[in-house]
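**Q** Sequence first, then the predicted structure, then my questions.
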Amino acid sequence: MPPSSATVQTHELMYLHPVRYLVKARVKAGQEKPLLEAIANGSLGRGSIAGDEYIYDLRQARVGADGIAHWVETCYCATPLAEERPYWEKYFELMSIKDAHNRNNCRHENGIELWACSNCNCTKRLEERLQKQGKAFLDTLRESE
């Protein structure tokens, strides 16, 4: 459920606009096994406001021939991935974080529906497109053991 306008106003300096980002990252050397363990025991992202998003993101992530993982992430922070960055940087070298789609088409950005990114179809389309590229990240990670 979207937050009330009072909540939005209270947190407007920290959490401005929900944005979809295409994240490109490479697992840091020696972090493959700890990352798999954090996924298996559910500790990945523990303590973050983003909750289970981390594990969901990696289930959707794909890896190209270059070994770089790609996934789509929704972030409500004023600075891209401000909340998530420390959790990701423990295991990944973040190579690129950029808008995943044209903001002019975003229902939140163009004022049609505030907080629309919480259940927007654009993520589904982006993830479906990613599923046709490379290999499943988790499969690739398990094979590296």
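**A** Cool, got the structure.
**Q** Can you show me the strands along this protein?
**A** Assigned by DSSP state E, the strands in the chain fall at 19-27, 62-63, 69-75, 92-99, 135-136.
**Q** confidence score at the residue lying closest to Arg107 once chain neighbours are set aside?
**A** Closest residue to Arg107 apart from its sequence neighbours, by CB to CB, 6 or more residues apart in numbering: Ala116 at 3.8 Å. The C-beta positions use only the backbone N, C-alpha and C, and glycine is treated the same way. Looking at Ala116, its pLDDT is 73.
**Q** now do Asn121
**A** pLDDT, Asn121: 69.
**Q** just Asn110 next, same as before
**A** 82.
**Q** doesn't Asn102 make contact with Glu109?
**A** No: using CB atoms under 8 Å, Glu109 makes no contact with Asn102, being 9.3 Å away.
**Q** So between the two, which is more surrounded?
**A** Glu109 (15 against 9; other CB atoms under 10 Å).
**Q** Number of residues surrounding the nearest residue to that one once chain neighbours are set aside?
**A** Closest residue to Glu109 apart from its sequence neighbours, by CB to CB, 6+ apart: Arg103 at 4.6 Å. By other CB under 10 Å, 13 other residues sit near Arg103.
**Q** How many residues are close by the closest residue to Leu36 other than its chain neighbours?
**A** Leaving aside its sequence neighbours, Leu36 sits nearest to Leu141 (CB to CB, 6+ apart; 5.9 Å). Here the number of neighbours of Leu141 (other CB under 10 Å) works out to 21.
**Q** Can you say which of the strands of the chain is packed in most?
**A** strand 69-75 (a mean of 22; mean count of other CB atoms under 10 Å).
**Q** Quick one: list the elements packing against that one.
**A** In terms of contacts (3 or more CB pairs under 8 Å, 6 or more residues apart in numbering; DSSP states H and E), strand 69-75 is packed against strand 19-27, helix 53-60, strand 62-63, helix 121-131.
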